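S.K.: missing the sequence, but the structure's below:
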């Protein structure tokens, strides 16, 4: 099992976070070492509760979960996105309550501990606001040297935002934290709306999940009923974007990228209309994105394969998600 | 001739401004009533000089040219873009000096006068920074009621900017003015880099211009030698974007638009990394851009025809550009 990728997951579970978690648990190449939660889709404590319940449903109550920051670096948590993820964050689905509790200490502390324990090999996957990562950078300024790579679901490069004309929710919910994370000298892979909105899960996929023998895929299928309801207003049909599971697959290197230039990325943390935007310097597009000296962020703009079949194959695959 | 479109042109001539001017002079549907200049590609006075020279070369010294604002609303003119347009703004080409001079009064005053004289029918085409239009709005707050439509070459919606990762030069050179112009309640058509970078003039087009019998197309062909030199660094081959002539054709309704949603547009005039960006609210893209109540700006995202053949046909057409 030494080839497995040691992974810290930072999330705000959330329906697509639940899909990403299930994908990671079902992926043979992932070694999920710890999970921190942050306020975003739901509050950090609710997100931890949902995460613990999902882990127990998958028979993985051994994975430590730490509750992270409730408030963004500046200002206060605004209450999440119940219109997208339901009041409880998992589309109103009642998950069997887990016996396990969150571990002592903050999510940032868990991340720093894991980074030291797996120095040079730990990968970080952040699928919520970046508050915990920014706090971990404060706790341990050498973190960029310890972490192998950071994958972030968030931002919008050449497509519209989803909470403003230019801002995506994960970045827009804590621009100060995102600004610090993108300014730190680690390798970042950004998985923005450019690809997550183009790769959708359809009703037939949801039906396959509902018909699965294991309880977790079935619960995901139920949650997606709520999620599809929100996205019907975006796409005009019942389906959904696959933000977080796509970022999980990119973090594992499990899918081929057709276009992912390494470019300078800056986050607008001001108070103007661009607050929360990820400004990716893509001016080299007409020349096929020549190298930008000093740039350390890879922006995923296109895949060379359709993501839904891969996701379904993993979720319904041999590694059964059973308790 | 009553069906001709009464037009005020605001420009910073400039090589592609020269193309736009020649296009308008050669278009039977345009009635060019007056021209104001503004600092952008070159200073406002140099732009007026170039414009007067080009008009005389085309036998149209009757068109009044007013020198407009040298400085943007905030700060000072930075000296233009000689690396793009040459030191003299027309690619180093020596145009025969015109006998005519600029008229008395500012460009903003000329625009206001024409708007009153052609109330309800005047169209404004702005292919430089929007300083003069903003000053005209100050001089005459009822201007939006007097003008039929404003067409602006500028901005970047879903493509990178050209003077920053998100800002295009015309907007970025005077964001305060652009912010005022887009906030005013008139119908605006924005022709951004999304379409102007996709529609290019190739070396074979330049050769056709150089072989023309009339002096103006030949001068344009010479200028394009310099312009192609700059754009070779952008595209990897000698060719050029057609920013300003494309906006001129859109202003005349001479080309078919494949995608041009009417959406809210805001200009970032702050001091953050997004300064000079046109934030177009294109979040309705996955539903085919449903109507946005209150929006009054049409953003041209795609044409249904290739622009170069149309431009060449007009420039080399029956209406000879001879003195």
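M.R.: Right, received. Where do you want to start? Worth saying up front: this structure is predicted, and the values here are computed from it rather than measured.

S.K.: Please work out which residue of the stretch 1-150 of chain A is closest to chain B.
M.R.: Of all residues in the stretch 1-150 of chain A, residue A:84 sits closest to chain B, at 14.2 Å by CB to the nearest CB. Where C-beta positions appear, they are placed from N, C-alpha and C, glycine not excepted.

S.K.: That residue reaches residue A:230, doesn't it?
M.R.: Yes. At 4.8 Å, residue A:84 and residue A:230 qualify as touching, with contact defined as CB atoms under 8 Å.

S.K.: Now for the residue nearest to residue A:285 when sequence neighbours are not counted: which residues touch it?
M.R.: Excluding the flanking residues, the one nearest residue A:285 by CB to CB, 6 or more residues apart in numbering or on different chains is residue B:160, at 6.2 Å. By CB atoms under 8 Å, 6 or more residues apart in numbering or on different chains, residue B:160 lies in contact with A:158, A:281-283, A:285, B:166, B:193.

S.K.: now residue A:194
M.R.: Contacts for residue A:194 (CB under 8 Å, 6+ apart) come out as A:156-159, A:299-302.

S.K.: Shouldn't residue A:250 be within a helix?
M.R.: Yes. Assigned with DSSP: H, G, I helix; E, B strand; the rest coil, residue A:250 falls within a helix.

S.K.: and it, how many neighbours does it have?
M.R.: The tally of other residues near residue A:250 (other CB atoms under 10 Å in any protein chain shown) stands at 24.

S.K.: repeat for residue A:111
M.R.: Residue A:111 has 32 nearby residues by other CB under 10 Å.

S.K.: Same check on residue A:225?
M.R.: Residue A:225 has 17 neighbours, counted by other CB under 10 Å.

S.K.: Hmm, residue A:207 and it touching each other?
M.R.: No. Counting by CB under 8 Å, residue A:225 stays clear of residue A:207, with 10.6 Å between them.

S.K.: For chain A, which residues are neighbours of chain B?
M.R.: Residues of chain A lying close to chain B by CB under 8 Å from any CB of the partner chain are A:158-162, A:164-166, A:197, A:234-236, A:264, A:266, A:268-274, A:277, A:279-283, A:285-287.

S.K.: Filter those residues down to the ones in strands?
M.R.: Mapping the residues of chain A next to chain B onto strands (DSSP state E) picks out A:266, A:279-280.

S.K.: Of the residues you listed, just say which sits nearest to residue B:110.
M.R.: For those, the minimum distance to residue B:110 (CB to CB) is 37.4 Å, reached by residue A:279.

S.K.: who does the closest one bridge with?
M.R.: For residue A:279, the beta-bridge assignment (DSSP bridges) gives partners residue A:266.

S.K.: Which residue would you name as the spatial centre of chain A?
M.R.: residue A:127 (1.9 Å; CA atoms, centre = their mean).

S.K.: picking up where we left off before, residue A:181: which of the contacts of residue B:160 is nearest?
M.R.: Checking those one by one against residue A:181 (CB to CB), the nearest turns out to be residue A:281, at 17.2 Å.

S.K.: For the closest one, give me its contacts.
M.R.: A:263-266, A:292, A:295, B:160, B:165.

S.K.: mind putting the residues you listed in JSON lines, distance to residue B:123 included?
M.R.: Converted to JSON lines, the contacts of residue A:281 look like this (distance: CB to CB, whole Å):
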{"residue": "A:263", "distance to residue B:123": "39"}
{"residue": "A:264", "distance to residue B:123": "39"}
{"residue": "A:265", "distance to residue B:123": "40"}
{"residue": "A:266", "distance to residue B:123": "38"}
{"residue": "A:292", "distance to residue B:123": "41"}
{"residue": "A:295", "distance to residue B:123": "43"}
{"residue": "B:160", "distance to residue B:123": "29"}
{"residue": "B:165", "distance to residue B:123": "32"}
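
S.K.: Over to residue A:5: give its phi and psi.
M.R.: Main-chain torsions, residue A:5, degrees, to the nearest 10: phi -90, psi 120.

S.K.: That one is in contact with residue A:32, isn't it?
M.R.: No. Counting by CB under 8 Å, residue A:5 stays clear of residue A:32, with 9.4 Å between them.

S.K.: Against which helices or strands is the lengthiest helix in chain A packed?
M.R.: Across chain A, the helix with the greatest residue count (assigned by DSSP state H) is helix A:215-235. Helix A:215-235 sits against helix A:15-26, helix A:44-57, helix A:82-85, strand A:200-202, helix A:203-210, strand A:239-241, with contacts defined as 3 or more CB pairs under 8 Å, 6 or more residues apart in numbering or on different chains; DSSP states H and E.

S.K.: what about 10 Å?
M.R.: With contacts taken as 3 or more CB pairs under 10 Å, 6 or more residues apart in numbering or on different chains; DSSP states H and E, helix A:215-235 sits against helix A:15-26, helix A:44-57, helix A:82-85, strand A:200-202, helix A:203-210, strand A:239-241, helix A:307-315.

S.K.: what angle do the fifth one and helix A:307-315 make?
M.R.: Same thing as helix A:203-210. Here helix A:203-210 points in a direction 0 degrees away from that of helix A:307-315 (axes from the mean of the first three to the mean of the last three CA atoms, to 10 degrees).

S.K.: so helix A:203-210 versus helix A:15-26, what angle?
M.R.: 60 degrees.

S.K.: residues making contact with helix A:203-210?
M.R.: Contacts to helix A:203-210, defined as CB atoms under 10 Å, 6 or more residues apart in numbering or on different chains, come from residues A:19, A:22, A:201-202, A:216-225, A:227-228, A:237-240, A:242, A:308-309, A:311-312, A:315-316.

S.K.: for the stretch 1-150 of chain A, which spans come out with low pLDDT?
M.R.: For the stretch 1-150 of chain A, the stretches flagged by pLDDT under 70 are A:1-2.

S.K.: show me where it has helices.
M.R.: Along the stretch 1-150 of chain A, counting by DSSP state H, counting those that start in this stretch, helices occupy A:15-26, A:44-57, A:82-85, A:107-117, A:131-139, A:143-146.

S.K.: residue at max distance from the center of chain A?
M.R.: Within chain A, residue A:287 marks the point farthest from the mean C-alpha position, 30.8 Å out by CA atoms, centre = their mean.

S.K.: Can you give me every residue that contacts it?
M.R.: Residues near residue A:287 by CB under 10 Å, 6+ apart: B:233-236.

S.K.: cutoff 6 Å now
M.R.: Each residue near residue A:287 by CB atoms under 6 Å, 6 or more residues apart in numbering or on different chains is listed here: residue B:236.

S.K.: how near is it to residue A:128?
M.R.: For residue A:287, the distance to residue A:128 (CB to CB, to the nearest Å) stands at 35 Å.

S.K.: So what's the residue count around residue A:45?
M.R.: Applying other CB under 10 Å, we find 14 residues neighbouring residue A:45.

S.K.: And for the one 10 residues further on?
M.R.: Using other CB under 10 Å, residue A:55 is surrounded by 23 other residues.

S.K.: same deal with the one 4 residues further on?
M.R.: Residue A:59 is flanked by 15 other residues according to other CB under 10 Å.

S.K.: Tell me where the stretch 201-323 of chain A is predicted with low confidence.
M.R.: Along the stretch 201-323 of chain A, segments meeting pLDDT under 70 span A:318-323.

S.K.: and with 90 instead?
M.R.: Applying pLDDT under 90 to the stretch 201-323 of chain A flags residues A:317-323.
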